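Undergrad: Let's see this in three dimensions:
(one chain, ligands or ions: 4)
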Amino acid sequence: MTILNADLHCHSTVSDGTLEPEVLAARAKANGVELWSLTDHDEIGGQQRALAAARALGLPYLTGVEISVTFCDLTVHIVGLGFDPANEQLVRGLEQTRGGRGARAIEMSEQLAQLGIQGAYEGALKYVGNPELISRTHFARFLVEAGVCKDSNEVFRKYLADGKPGFVPHRWAALGDAVRWIREAGGVAVIAHPARYDHSPTREYALFSEFKAHGGQGVEVVCGSHAPSEYPRYTELALEFGLAASRGSDFHSPDESHTDLGALPFLEGRLTPVWDLLADRIHRE
Ligand code: AMP
Ligand code: MN
Ligand code: MN
Ligand code: MN
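TA: Ligands and ions are numbered 1, 2, ... in the order given. Alright, predicted model coming up:
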C-alpha cells in the first residue's frame, strides 16, 4: 500500500462548510495533505474550483462528493471519489437528491416555530452559500447565533438529530442508485463514517453486504467523525468484506470541526487504500 497523508472528505461553502473551495485547498496544502478531495453533500458544483486551486498549489486531487442515502429508514452517507463530474446520470441523480431540501427546511422551521423558535428558515438561509443545499448544519448555526444552544452539538442533541422535535424525516437516494451513479461515472463508492450510524450489528452487516453487492468498493476507516477507538473495528470490517480503506477529516469549519485537514493517523499497512484503486483518476497537474 502507499502511505499517504490523503484527506478525502471535507466540505466547502458549496454545501455546509464555512470555507470556500480555494481556502480549503490552501489549508490542505499548508497542513501537509498529499492527496485531497472536496466532498460536498449531494453537490459537485465546487469541483472545478477545487481542482483549479489544487492544481495551482501542486496538490494532487480526486473529484469527490458525499451522497445522502436512505437505507433501512436511516440516513447513510456514501462518498464518491474519482468520478467524471460531467457524467449526466450522476449530475441528474445529485439534482434529484438535493431536490427535497427546500421543502424540508421550511417544515423544519415550522416545527421549530411550534417550539417557540421563530424565524429559523430565514436565519438558516443567512448561512447558506448554495441555495440548493440548505442543511441541518445551517439551522444549527442559526440556533447557536440566536442563543438557543451553546454549540451545534447541543442543537443536534436537543432539536435536529433523528427523532428530536425539530427533525423532519426525509427520503434520500437509494443505496444502489448512489453506488451506481458513482461507479458508472468511473469513480469508487465509499461508506462514509460507518461508526456514526445508529444501526444494530445486523443492520450494519446488511449495509456492508448490500453496498458490496451493488459494487461499492471502499469504507472510511480513519475519519474525523470516528473516535480513534473505533478505527480497529472498521479496519477489521474492511478486511472481512474485501473493501479498500479511506481516510478523511470530514472538516467543515475551523470553529466547529475538531479534526483539521490532514490531521489524522495513517491507515494500517494491511489495508488497501482507496487511492491504490484510483491511481489513474488522480489529477496531478
Ligand atoms: P443534512 O444533510 O441536512 O441532514 O445535515 C447533515 C449534516 O449535519 C452532517 O453532514 C453534519 O455536518 C451535520 N451533523 C449531523 N449530526 C451532527 C451532530 N451531532 N453535531 C454536529 N453536526 C452534525
Ligand atoms: Mn455536513
Ligand atoms: Mn456525512
Ligand atoms: Mn461529511
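Undergrad: How about Ile106, nearest residue that isn't a chain neighbour?
TA: Tyr121 (5.9 Å; Cβ to Cβ, 6 or more residues apart in numbering). Heads up, the C-betas are built off the backbone N, CA and C, glycines and all.
Undergrad: Contact partners for the one you found?
TA: 105-106, 108-109 (Cβ atoms under 8 Å, 6 or more residues apart in numbering).
Undergrad: can we see that at 6 Å?
TA: 105-106, 109 (Cβ atoms under 6 Å, 6 or more residues apart in numbering).
Undergrad: swap in Gly32?
TA: Counting by Cβ under 6 Å, 6+ apart, Gly32 has contacts 5, 262.
Undergrad: Wasn't it part of a strand?
TA: No: read with DSSP: H, G, I helix; E, B strand; the rest coil, Gly32 is coil and lies in no strand.
Undergrad: I'd like to know how far it sits from ligand 1.
TA: Separation of Gly32 from ligand 1 (Cβ to the nearest ligand atom, to the nearest Å): 24 Å.
Undergrad: Give me the phi and psi angles of that residue.
TA: Recorded main-chain torsions at Gly32 are phi 90, psi 20, according to degrees, to the nearest 10.
Undergrad: How about the one 4 residues further on?
TA: Backbone geometry at Trp36, expressed as degrees, to the nearest 10, gives phi -130, psi 150.
Undergrad: Which residues does stretch 75-89 contact?
TA: So stretch 75-89 is contacted by 8, 37, 39, 44, 47, 62-67, 69, 178, 181-182, 184-190, 192, 278, 281 (Cβ under 6 Å, 6+ apart).
Undergrad: try stretch 204-219
TA: Stretch 204-219 has contacts (Cβ under 6 Å, 6+ apart) with 71, 176, 179, 183, 188-191, 238, 241, 243-244, 246, 274.
Undergrad: 7 Å - rerun?
TA: Stretch 204-219 has contacts (Cβ atoms under 7 Å, 6 or more residues apart in numbering) with 71, 76, 175-176, 179-180, 183, 188-191, 194, 199, 234, 237-238, 241, 243-246, 274, 277.
Undergrad: Quick one: distance of that stretch to the chain centre.
TA: Using Cα atoms, centre = their mean, to the nearest Å, the mean C-alpha position of stretch 204-219 is found 17 Å from that of the whole chain.
Undergrad: any idea where the helices of the stretch 151-285 of the chain begin and end?
TA: 152-155, 175-184, 201-213, 231-241, 274-277 (DSSP state H, counting those that start in this stretch).
Undergrad: which one of those helices lies closest to ligand 1?
TA: When these are compared by Cβ to the nearest ligand atom, helix 152-155 sits nearest ligand 1, at 4.5 Å.
Undergrad: beta partners of the residue nearest to Leu267 when sequence neighbours are not counted?
TA: With sequence-adjacent residues excluded and distances taken as Cβ to Cβ, 6+ apart, Leu267 is closest to Ala245, at 5.2 Å. Per DSSP bridges, the residues bridged to Ala245 are Val219, Pro273.
Undergrad: surely Ala245 meets Ala238?
TA: Yes: contact criterion Cβ atoms under 7 Å: Ala245 and Ala238 qualify, at 4.9 Å.
Undergrad: any residues in contact with both of the two?
TA: Common neighbours of Ala245 and Ala238 (Cβ under 7 Å, 6+ apart) are 219, 221, 271.
Undergrad: Which one of these is nearest to ligand 4?
TA: Val219 (14.4 Å; Cβ to the ion).
Undergrad: State the pLDDT value of that closest one.
TA: If you check Val219, the pLDDT there is 98.
Undergrad: now the one 10 residues further on
TA: Per-residue confidence at Ser229 stands at 97 (pLDDT).
Undergrad: Also Ile3?
TA: Ile3 carries a pLDDT value of 87.
Undergrad: Which phi and psi values does it adopt?
TA: Main-chain torsions, Ile3, degrees, to the nearest 10: phi -80, psi 130.
Undergrad: what number of residues lie near the closest residue to it other than its chain neighbours?
TA: Distances taken as Cβ to Cβ, 6+ apart put Phe266 closest to Ile3, at 5.6 Å, once the chain neighbours are dropped. By the measure other Cβ atoms under 10 Å, the count of residues near Phe266 is 14.
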